[in-house]
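Novice: Pasting the sequence and the predicted model now:
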Amino acid sequence: MLSPEERERYARHILLKEVGGPGQQRLKAAAAAIVGAGGLGAPAALYLAAAGVGRLRLIDHDTVALSNLQRQIIFRTDDAGAPKTERAAAALAALNPHVAVETRAERLTEHNARTLLDGVDLVLDGTDDFATRFAVNAACQALRIPLVSGAVGRWEGQVSVFMPGGPCYRCFVPEIPPDAETCAQVGIVGALPGVIGSLMALEAIKHVAEAGETLAGRVLLFDGLGATARTVRLKRDPDCPVCGHD
């Protein structure tokens with residue numbers, strides 16, 4: 001049950017017919033893992049905590065750097081040098097004490113992904129390298145956990161939802177691109193991760209609250225420089241090494 005304080009805190013959600021009391025109860029009962037507490041994970045975590053998702057698990061091995069602060073809005077200047085999970089958890093607790101925050105200050109790999117992600121209802125992947133995205137995707141498919149995936153670079157971003165059984169992320173990106181680039185190499189406009197990270201949180205909230213239609217089976221492509229957005233449909237690859245033989 002929601003306490004009187006929670007009913008006031010989430011009043012604007014409860015007024016929405018697509019969420020209401022039952023949807024807010026589902027959010028309170030849910031557990032979500034956020035892989036990467038950086039540009040995408042920062043706004044996503046803030047909005048999920050504000051929305052009342054009952055348990056958040058933050059997974060990131062990194063420490064806060066000054067170059068992060070241009071876009072990773074969960075941190076402050078005094079956080080530089082501290083573990084990202086530690087400082088992000090403190091910010092989320094200050095925002096909403098009703099949310100339980102777990103931290104895992106370690107790098108997610110193909111070897112530990114299932115252990116790190118086990119026991120949650122939903123995973124949000126905001127990492128910036130394909131090897132980690134592949135590991136997260138494989139673990140989510142094996143554990144039958146829905147995955148909200150986001151990516152950004154320069155002025156462009158994308159977000160999708162990958163459900164158990166596919167199409168999965170490897171249907172979309174079969175192999176690591178030979179010319180894969182990171183934000184540290186090519187740059188990124190600071191507000192862009194806020195747009196995509198917020199969309200990731202929105203997809204997660206819709207999924208948990210059972211509201212509307214998510215991006216399952218579709219990818220939303222956003223061009224910040226041209227101020228345009230479009231969605232494309234994904235097809236399951238029968239030869240996908242992850243979900244092709246489910």
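Specialist: Everything's here; your move. Numbers count the residues shown, from 1 in each chain.
Novice: continuing past the lengthiest helix in the chain, what's the next helix or strand?
Specialist: Longest helix in the chain by number of residues (criterion: DSSP state H): helix 192-209. Using DSSP states H and E, the helix or strand that follows helix 192-209 towards the C-terminus is strand 218-223.
Novice: Kindly check the end-to-end length of stretch 59-79 for me.
Specialist: 17 Å (Cα to Cα, to the nearest Å).
Novice: One more: stretch 60-79?
Specialist: Using Cα to Cα, the end-to-end distance of stretch 60-79 comes out at 15 Å.
Novice: Give me the buried stretch members for it, please.
Specialist: Buried residues in stretch 60-79, counting neighbours by 16 or more other Cβ atoms under 10 Å, are found at 60, 63-64, 68, 71-75, 79. C-betas here are computed from N, CA, C, even on glycine.
Novice: Check the burial of the residue nearest to Val173 when sequence neighbours are not counted by counting its neighbours.
Specialist: Sequence neighbours aside, Phe130 is the residue nearest to Val173 in space, at 6.9 Å (criterion: Cβ to Cβ, 6 or more residues apart in numbering). Using other Cβ atoms under 10 Å, Phe130 has 15 other residues around it.
Novice: I'd say Phe130 and Asp179 touch.
Specialist: No. Using Cβ atoms under 8 Å, Phe130 makes no contact with Asp179, being 11.4 Å away.
Novice: Strands along the chain, start to end?
Specialist: For the chain, the strands defined by DSSP state E cover 31-35, 55-59, 100-104, 122-125, 147-153, 156-162, 218-223, 228-233.
Novice: of all those, which lies closest to Pro4?
Specialist: Smallest distance to Pro4 across the strands of the chain (Cβ to Cβ): 19.8 Å, for strand 100-104.
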